[in-house]
Structures are given as C-alpha cells and as structure tokens.
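Colleague: predicted structure and sequence below. I'll ask about it afterward.
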Amino acid sequence: MISITDGFSIGILHFLWSGVLIAIGITAGFLFTIYEAKYRNYDPDIVYELFLPLIFWGTVGARIWHILTPPLSSVEIGLTTQYYFSHPLDALAIWIGGFGVPGAWIGGLFAVFLFARKNQLPLWELADLIAPGLALAHAIGRLGNFFNQELYGLPTDLPWRIFIDPAHRLLGYEAVQYYHPLFAYEVILNIVNLVVLLWLSRKFFYWLKAGDLFLIYIGLYSFFRFFLEIIRLDVALVNGININQIFFVFTFIYTVIVLFIKRRFPQKQIL
C-alpha cells in the first residue's frame, strides 16, 4: 500500500508529492512574474528567456550548498560532504539528499547577472522583478516538506503540532511523536514576505530604488529564518556551527546596512 508521502502514479510514471509541489510553486512563481512584468511595463519575453537559466543556476547553487553543508538527517544516513565528493554521480542525482536556500539565492542571482550582462539590462531591476515570484514559489514548494515529513522543529504539545513517523525522526528523538511544523511557519513567512513586497511595490513605487525590493525580500526572509533555525532540529552544522543561521544573520545585517546607505547617501552607487 502506498502512503500519502509516496505520491501517486500515472501509468509507469511515479510522482512524489514533494516534487509536484515544487513544480507547482515554480510554475506559479513564473506566471506571477509574468504578471508583474506586464504590470511594470516590462517585456514579458524577458521572463520567458530568464526562466530556464534561473531554474538551472538556482538548482545548481542550492545543490552545491546542500553538498557542502548537509543537514543532520543527511549526515545520519551517510550523505556527508566527503561522501558526495567520493560519489560524484550521487552529487548530481538531485533526488538524493536535498537543497539549500542560500545556494539557490546565490545561484539565482548569478543567473540574473549573466542574463542582464548578455542582454544589457539593469541587473537590480531584474532582481526586483523576480523577488515576489520567488517568495510565492518558495511558499508553495515548502508544502512538499509536509509529505516528506521533514523540516520540523523541536518537540511540542501545541494544538498545531504535527506527528512524525518513527522512520523520519532524528537520532535521540525516536520516542517523541509531535513537533513544531517548521515548514508551515516558513510557508506563512513567505506569504507575509510576498504581501509586503506587493504592498511596497504598489504604494511606494516612486520611493523605491533599484534593488530595494530584492534586498527587502532577502532581508525579511533572513530575519525570520534566523529565529526559525533556533527551533529547527535538522540543522546544517559546519564545525559545530549552524551555518545557515550564520548566513542569514549576516545577510540581514548586510541588507539593513545597504538600504540605510542608499537612503543616507543616495549619490553612492552600492548596487
């Protein structure tokens, strides 16, 4: 019998719910970015042409981040950085292991940079254009963690707690049944981020400078993600340090500093 976490089959093809939701999230983000392009009087063809490079480099970046900073759940089953280095084919097999948001940002921004340079387009205006769509795609894609029974937090007795099967519990928590639905918190975070970005882009369009919307997107996410990492069990440790938490706190500080300088010293070209 196939459980809900296993997905569904159509003929000889089997689909995992996590993969389906990621695909739905990417599609929704893509369509929303097209809408944003039309709303801002950009040529929608820009979005069509940027879509595949963004997906490719974002995936590459996210995968590399996971390989270099595997979470505890991966380490416990032997998927360490050393393992990936000695088994390069498994490093390329994206269905083994996972991905990392910081890497997706770095890879995605690299894709936008290459696209902007090739087509002589303003880099940071493109980054602003895709920011709301990224938040939407992330919100939908995170729902896949529910079906995989991953990305949960510390044990809790709160009414909205979720049950985790024994097979998906981390070492030391085999007897604990209920946990914080950390993935759901992140879904809410991304929806809030999306609403804030749309509100700012509609109400304060002439006040915003190029790059502001993208900075606010990564800044807000980083701020909340830093605190979510406190209650996350499946953390990525590098020399005993939660590397994701360090990344997000520095990203938040960077965005605040840059936004301040852009307002305080408008003549400086930071972005």
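Modeller: Nice, thanks for sending it over.
Colleague: the stretch 1-150 of the chain: strands as residue ranges?
Modeller: 8-10, 13-15 (DSSP state E, counting those that start in this stretch).
Colleague: same check on the stretch 151-271 of the chain?
Modeller: 162-163, 178-179, 237-238, 241-242.
Colleague: worst average pLDDT in those?
Modeller: Looking over the strands of the stretch 151-271 of the chain, mean pLDDT reaches its minimum on strand 237-238, with a mean of 92.
Colleague: outside of stretch 36-48, which residues touch it?
Modeller: Residues outside stretch 36-48 that contact it (CB atoms under 8 Å, 6 or more residues apart in numbering): 30, 33-34, 119, 121, 126, 129-130, 132-133. All C-beta atoms are positioned from the backbone trio N, CA, C, and that covers glycine.
Colleague: do stretch 235-244 as well
Modeller: For stretch 235-244, using CB under 8 Å, 6+ apart, the contacting residues are 69-72, 100-102, 225, 229, 245.
Colleague: in contact with the closest residue to residue 233 other than its chain neighbours, which residues?
Modeller: The shortest distance from residue 233 to any non-neighbouring residue, by CB to CB, 6 or more residues apart in numbering, is to residue 170 (5.5 Å). Residue 170 sits next to 72-73, 76, 233-234 when contact means CB under 8 Å, 6+ apart.
Colleague: weed out the non-buried ones from those residues.
Modeller: Listed as buried from the contacts of residue 170 are 73, 233-234; burial here means 16 or more other CB atoms under 10 Å.
Colleague: any chance of a markdown table for those residues, columns distance to residue 146?
Modeller: Listed next are the buried ones among the contacts of residue 170 as a markdown table, based on distance: CB to CB, whole Å:
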| residue | distance to residue 146 |
| --- | --- |
| 73 | 15 |
| 233 | 16 |
| 234 | 14 |
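Colleague: just want the most central residue of the chain.
Modeller: residue 101 (3.9 Å; CA atoms, centre = their mean).
Colleague: in stretch 85-103, what's buried?
Modeller: 91, 97-103.
Colleague: these: which two are farthest apart?
Modeller: 91 and 101 (18.5 Å; CB to CB).
Colleague: so residue 24 makes contact with residue 139?
Modeller: No. In this structure, residue 24 is not within contact of residue 139 by CB atoms under 8 Å, at 10.8 Å.
Colleague: report pLDDT for residue 46.
Modeller: pLDDT, read off for residue 46, is 95.
Colleague: roughly how far does it sit from residue 118?
Modeller: Applying CB to CB, to the nearest Å, the value for residue 46 to residue 118 is 12 Å.
Colleague: neighbour count for the two, which is higher?
Modeller: residue 46 (19 against 10; other CB atoms under 10 Å).
Colleague: could you report the distance from that one to residue 89?
Modeller: 36 Å.
Colleague: likewise for residue 195?
Modeller: Taking CB to CB, one finds residue 195 at 42 Å from residue 89.
Colleague: about what we covered before: so between residue 24 and residue 139, which is more surrounded?
Modeller: Each of residue 24 and residue 139 has its neighbours counted (other CB under 10 Å); residue 139 has more, 21 against 15.
Colleague: residue contacts, the more buried one?
Modeller: 25, 187, 190-191, 194.
Colleague: which one of those is nearest to residue 53?
Modeller: residue 25 (18.1 Å).
Colleague: low-confidence stretches in this protein?
Modeller: 1-9, 13-14, 267-271 (pLDDT under 70).
Colleague: now the helices: where do they sit in it?
Modeller: In the chain, the helices defined using DSSP state H lie at 17-39, 45-68, 72-76, 81-86, 88-92, 101-119, 123-141, 144-148, 182-203, 212-228, 243-264.
Colleague: looking at these, spot the one closest to residue 159.
Modeller: Short answer: helix 182-203, nearest of the helices of the chain by CB to CB, at 12.7 Å.
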